[in-house]
Each structure stands twice: as structure tokens, then as C-alpha cells.
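Undergrad: sequence-free structure coming up:
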Ligand SMILES: Nc1ncnc2c1ncn2[C@@H]1O[C@H](COP(=O)(O)OP(=O)(O)OP(=O)(O)O)[C@@H](O)[C@H]1O
């Protein structure tokens, strides 16, 4: 019950109402007088508090504090400047700053300057001792010369006017001028004495305002919110000072205003700025890297908007700080989509893949490099890998064999472009993918045995969702498992062989894999790739698996990308991309090529090639039908060179035809009426003849290659 409510009680006998403590003889004393002041006090305090904490009052308080602090700060700065100008304290401060930054050479230079300043000051002071005599002498000479000069002028005027009174006229004029000046001064003096302190105050306020000496809380609302504010040297130094690294804080405090000497120039770099900071001795680059979030917050940015890398210079961190929100803006479409004439060259070209953080085009060379692309699910791994394949497909010499172990059609546009396209997630698909990779091994071994100097066409094997293969429990008839990472594991061993020897003969493997662990992405496989790409990952240990220790120690941090927000942003460690000196990786925002656009680019790539027939399974060697397979590989062409037929047969079924030569081709075609013949001086096989031979073949004539 509150103090304002007084309970009444009904007397059952009289029916009247009484106050508590009322008796007929002693009426209840009215509420004590003391109650009232207490209530009033409370009310007054409450309204006072409301008035003081109201927004207009706060704004007024801020205004007063702000301008007061400008004057105080301006006074402090002006006094300091005056003190600096008259003493050697500026030099001493620079010496301390250079020492704190560990730059002893610079400290020595400042010390020399201090010595020179002191000796010059000493000379000035000694000169000052003789100054009064000199001043008296100079005044006497000056007065004598002036009076003499004026007299001379008067004499000349007197002669000219033929009137002796002119002799003193110049002196009289000067005396009158001085009298007038004194009169003016006496009139002005009073107001000047009144106004000058205010002018002085205004000047101090101006200095304080210019140097922003008011505390943050005293600023107007729109200036108080410094999130996304432009980056200045003072913001960077303050952010570093407040990182919570004691030696850094101490060193920067000692440096005072000279703290900005730690920084290189702040350069515009794409949608942000870049600045190198040389750390004071006793502070390691790793410590700064480990406090990325705090640094970002101190800079008024989100964590993902600040990147810390290590440039070539020792004890230096390179900060790239995005303009606020700029990283959330999409980058433009891929040149592959916008330029219908885009071309590719496997050996000399670079895939136009995206933009680095500086906003420069990021291009990747795919020449003789195995690729590993890793990331959490649904973050753009397939799209990033596919964009590379689409560019490379525009070089018609490149052959693709693809196994997509997710199989929802992400690689469907390669049907009619790749020679093999396996799509599906089951063990059966893994078995086929394994056989496809084993065929790549067979082709690689065949190429290795060719005479030195032989030029090979690029053969790219792609296994997307490769973790499915490593985790496959299926075991073959020979008791060898398809998955796993044992010495008997078929997929693992085939990948290892290609990693070890494929590069030199242009048999390359690109793998896309999800959420890496030691089980679904064995160490040896991770390290066999020359180009390692990572989208966002869950942990630093996964980042190490994806990109290697060296890249992560050098600042690569895919685990700090934002899941679902940074789709398509990759961290790349590769010799195929230009990485700034000293860095071990680079962050690239890739262009997104959606399924429809991918199909258009693939159609352009198909138009460069002669009707490729894509095999959707890997045929077993003992099931092959050479005549039918020859017809398949001829596609829509009327005649094809025998060498080309052999190549296509090997691609179609490496096990059956991988080691075939012209003799084998001739053997199966002898007596069929479709034997190789000469056209324009070169041996070819004709499509019509093969079709006829197949039509005329007796029912049991589908002899296999091995029969
Ligand atoms: N470069 C990009 N920019 C913007 N969004 C992208 C980019 N790449 C991919 N995405 C988006 O991410 C989605 C998933 O892409 P993608 O299928 O390539 O991911 P993934 O990592 O391969 O997925 P999964 O793990 O399921 O195979 C796409 O549908 C698209 O919306």
C-alpha cells in the first residue's frame, strides 16, 4: 500500500468510519507532518532526475562539455607547441618514439639534431647578453641618422621654396604623425584590452576543435557513431594501442603524437584502404593477427572487413580495411558471361575468376597444377571450380573427364563436352569415379613412356564431392576397398599416383570436397595439390587442412569468412595466382556463373569441338564392342584420322583401348569393309563404312576386344 492511501475502518456498532488508532476519546492524529516533506522530497528528486536525464538536458550538457574541452584542449596544444618551439622536448619525444619502435638509427639522428639545437640555443643566449649595449648603440645611431636625414630633407625643401621655415617641416610632420598614432592607440587600447582575451579564447577553441580534443561522449549524435568512419593514421594507431597488448600500448604511449610514424602511407586499395604498420619491438605479428576481431572493432569495422597479412618487411603487419559494408556489395558478372568471344589457353592463359580485395582482377593459371577446393556445404565450391573448368573448356585441346559424386546436375552442361561424365552419390558411382581416375593413371603411365619431348594434350579429371569417394565402404572383387586411405584403397592410390606424376604429362586432377577431416580428405591428398582453394570453413584446423600450415600461419583465415554471407569468396594458396610479395595466400571474391550462364558458356565450348559423345559410365574392358565404340567416337563426323580415333577410344574406355595402336585398329576392322583408308594422304576411318559394317554384321558378331 502506498503512503498516499489512508485505510478507513467501519465501526460495526456505530456504523461510522474511523482512522486506524481512532478512539472516541482520542481522535486519530492526522498523518504526521513529517510525512509530507519526505513525499515532497521524493517527488522533487524524481522530477529533478527526469529533468537532468532528459534528452535536451543531455544535449545541452554535451554542448557545454564539448566546447569547454575544445578550449582546454586548444590551450594544452598551444602551450605544448610553444614549449616544443622553445625547448628540446620535441627532439626528446622523437628519440623516445624511435627507441620504442626499435629504430635506433633514427633515434641517433634525432639525438644529433637535439645536440645541434642545444648549441644554437646556447649561442643565441650568449648573444642576448650583449644585446642591451647593441640596442642602445643601434637606437642612438638610428635616431641620429633619422634626424639628420629629416634635417637634410628640410634644407632641400627650404632651398627649393626659398623659405627657411621649411627646414624643420619634415621633423614637425614626423612628430605630428607620432602624436596621431599615439592618440589612435589610446582610443583603441580600451576596447582592444576588453576584446583580446576573447579573441585569444576563440583562437584556442579553434585549435581544440580542429584537433578534435573533445571526448567521444561529448560529440553530437551523428559524430558519436564512428562505425564505418574513414580510416586515418590516428584511428589506426589508437586501434593498435587499444588491442590489449601491453608492450604495444606502452610503446605507443611513449611515442605520443609520433605514434603515426609506425604506419606507412594509407593507400586506397579496391573497396578499402591498405596500410603497413611496423610493430614496436617486443610485439609479434602473430599477436596482432590473433586479435583480428578486436582490431576490427577498434577500427569501427566488422571482423570480416579487416584482413591482416604479413608483407616482406620484418615486424610489419599489412592491414586491409574495407570501406564499411563494401564487401557485401556483389562484384560484377564473369567476363566469360559478358564476353561471347572469351578465349582460353591452357598453357599461357589465366582464368578470369574474380576480384581480389584491392578490386584488381584475380586470374588463375591452371597450367600443370592439381587443384583442391574445399569449403563448407553450399558456399560456392562447385561454382568456383566449375567457373575454372568453363574457362578452360574454351581451349579446345583440353579434354575433361568428370565425376560429380553429388549428381544433382551441377556439371550437367558438360554433357557433350566432357568425354566422361559420371553423376550420382551411390557406391556404384564411386566405383565408376574410381575407375575413371584409374584410367587417368593408365593414360598418365602411357604418356610417361612416350619419347621425351612428346607434346600432350591436357587431360583434366574432375572429382566433385570427393569426400564421398574417400568415405565409400564398397570393396571390390579383389578385396581392395574403393574408399579409405590405406595402401590398398583404390581411389586414394589412384589420386596419389596422379598427384605424384601427372603434372609433367598434363594429366591433372581437380578435386572439390566438403567440410574436410582427416578421414574424408587424407593428408597426402591434401598436400598433393598445387593450387589450394578454400571457401568458408568451420575451424582453424580445417583451414590448415585446406590450405596448409604455411598459408594459415601467414594470415590465411577462411575460417573467419562468414558462412552464407561470403558465398563465393575464396582464400587461395597457389603459384598460379599473383600474390603480393611476402604473403602466402590471397582472398578472391569469385564471379558467380549460374547454371543457365554456365550452359551458355559450355555451348560455346562445345561449338569449338567436333561432336564429342560423353560416356556416362566407365565401360569394363571385357564388355567393349570395338566396332560400336568406333562408331560412337566418330560422333557426327564423316571421317576421322586414325590417330584421333585411337585417342577417343582410349578416353571412352581406357581399360580396353588405352594401350591400342594402329595395328589393333586395323586388326578389328580387317575384313569388315570399313578398314582405314587414305584421304588427303592421311589414314582415316569413314563413318558410313563403319555404319554399314555394323548393319551387315551377323547377330553374334559383336565380338569384344578381348575375345
Ligand atoms: N561466387 C558466388 N557469389 C555469390 N553467390 C554464390 C557464388 N557461388 C555460389 N553462390 C551461391 O551459393 C550457392 C551454392 O553454390 P554451390 O552449389 O557451388 O555450393 P557448394 O559449396 O558446391 O555446395 P555443396 O556443398 O552442396 O556442393 C549457389 O546456388 C549460389 O546461390
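TA: Ah, there it is. Since the structure is predicted, the reported quantities are computational estimates derived from the model, not experimental observations.
Undergrad: Could you report the separation of residue 221 from residue 238?
TA: 21 Å (C-beta to C-beta, to the nearest Å). (Glycine included, C-beta is placed from N, CA and C.)
Undergrad: Correction: the previous question concerned residue 472.
TA: Residue 472 is 55 Å from residue 238, by C-beta to C-beta.
Undergrad: go on, residue 270?
TA: According to C-beta to C-beta, residue 270 and residue 238 sit 24 Å apart.
Undergrad: Looking at these two, which one has more neighbours?
TA: residue 270 (18 against 15; other C-beta atoms under 10 Å).
Undergrad: thought that one was touching residue 360?
TA: Yes - in terms of C-beta atoms under 8 Å, residue 270 counts as a neighbour of residue 360; the distance is 6.9 Å.
Undergrad: what's around the closest residue to residue 299 other than its chain neighbours, how many residues?
TA: Of all residues beyond its chain neighbours, the one nearest residue 299 is residue 239 (4.8 Å), with distances taken as C-beta to C-beta, 6 or more residues apart in numbering. Neighbourhood size, residue 239 [other C-beta under 10 Å]: 22.
Undergrad: my read: residue 239 touches residue 295, true?
TA: Yes - applying C-beta under 8 Å, one finds residue 239 in contact with residue 295, separated by 5.8 Å.
Undergrad: Just read off the phi/psi values of the residue in the stretch 551-700 of the chain that the ligand sits nearest to.
TA: Of all residues in the stretch 551-700 of the chain, residue 568 sits closest to the ligand, at 2.0 Å by C-beta to the nearest ligand atom. Backbone torsions for residue 568, taken as degrees, to the nearest 10, come to phi 80, psi 0.
Undergrad: Mind pulling up the pLDDT for the residue lying closest to it once chain neighbours are set aside?
TA: Leaving out its chain neighbours, the residue that sits closest to residue 568 by C-beta to C-beta, 6+ apart is residue 380, at 4.0 Å. With respect to pLDDT, residue 380 scores 94.
Undergrad: again with residue 84
TA: 84.
Undergrad: Repeat that for the one 10 residues further on.
TA: Reported pLDDT at residue 94 in the predicted model: 85.
Undergrad: element containing the residue nearest to residue 299, please.
TA: According to DSSP states H and E, residue 239 maps onto helix 233-241.
Undergrad: now do residue 275
TA: Using DSSP H and E, residue 275 falls in strand 272-278.
Undergrad: that older thread, now do the contacts for the residue nearest to residue 568.
TA: Counting by C-beta atoms under 8 Å, 6 or more residues apart in numbering, residue 380 makes contact with 535, 567, 568, 569, 570, 590, 592.
Undergrad: any chance of those residues in TSV, with distance to residue 98, secondary structure and pLDDT too?
TA: Shown next, in TSV, are the contacts of residue 380 (distance: C-beta to C-beta, whole Å; DSSP: H, G, I helix; E, B strand; the rest coil; pLDDT from 0 to 100):
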residue	distance to residue 98	secondary structure	pLDDT
535	44	coil	96
567	47	coil	93
568	45	coil	94
569	40	strand	94
570	41	strand	96
590	44	strand	96
592	49	coil	95
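Undergrad: Now rank those by neighbours and give me the top one.
TA: Neighbour max across the contacts of residue 380 (other C-beta under 10 Å) = residue 570, 30 neighbours.
Undergrad: Dig out what that one forms beta bridges with.
TA: residue 588 (DSSP bridges).
Undergrad: any idea how far residue 530 is from it?
TA: Distance from residue 570 to residue 530, by C-beta to C-beta: 15 Å.
Undergrad: repeat for residue 558
TA: For residue 558, the distance to residue 530 - C-beta to C-beta - is 18 Å.
Undergrad: Any idea how many residues pack against residue 41?
TA: Residue 41 - counted by other C-beta under 10 Å - has 10 other residues nearby.
Undergrad: Please identify which helix or strand holds it.
TA: Residue-wise, residue 41 maps onto helix 35-53 under DSSP H and E.
Undergrad: For the next helix or strand after the strand holding residue 275, which helices and strands make contact with it?
TA: Going down the chain from strand 272-278, the next helix or strand is helix 285-289, by DSSP H and E. Using 3 or more C-beta pairs under 8 Å, 6 or more residues apart in numbering; DSSP states H and E as the contact test, the elements touching helix 285-289 are strand 316-322.
Undergrad: mean confidence score for the strand it packs on?
TA: For strand 316-322, the per-residue pLDDT averages 92.
Undergrad: Against which helices or strands is that strand packed?
TA: Counting contacts by 3+ C-beta pairs under 8 Å, 6+ apart, strand 316-322 packs against strand 272-278, helix 285-289, strand 306-309.
Undergrad: helix or strand for whichever residue of the stretch 201-350 of the chain sits closest to the ligand, which one?
TA: Of all residues in the stretch 201-350 of the chain, the one sitting closest to the ligand is residue 330 (6.9 Å; C-beta to the nearest ligand atom). Counting by DSSP H and E, no helix or strand carries residue 330.
Undergrad: Okay, domains of the chain per the record?
TA: 9-52, 60-208, 230-328, 353-606, 619-695 (automatic domain parsing).
Undergrad: ranking the ones you listed by burial, who's on top?
TA: Most buried of those, by mean neighbour count (mean count of other C-beta atoms under 10 Å): domain 353-606, with a mean of 20.
Undergrad: Ends of that one, what's the gap?
TA: 21 Å (C-alpha to C-alpha, to the nearest Å).
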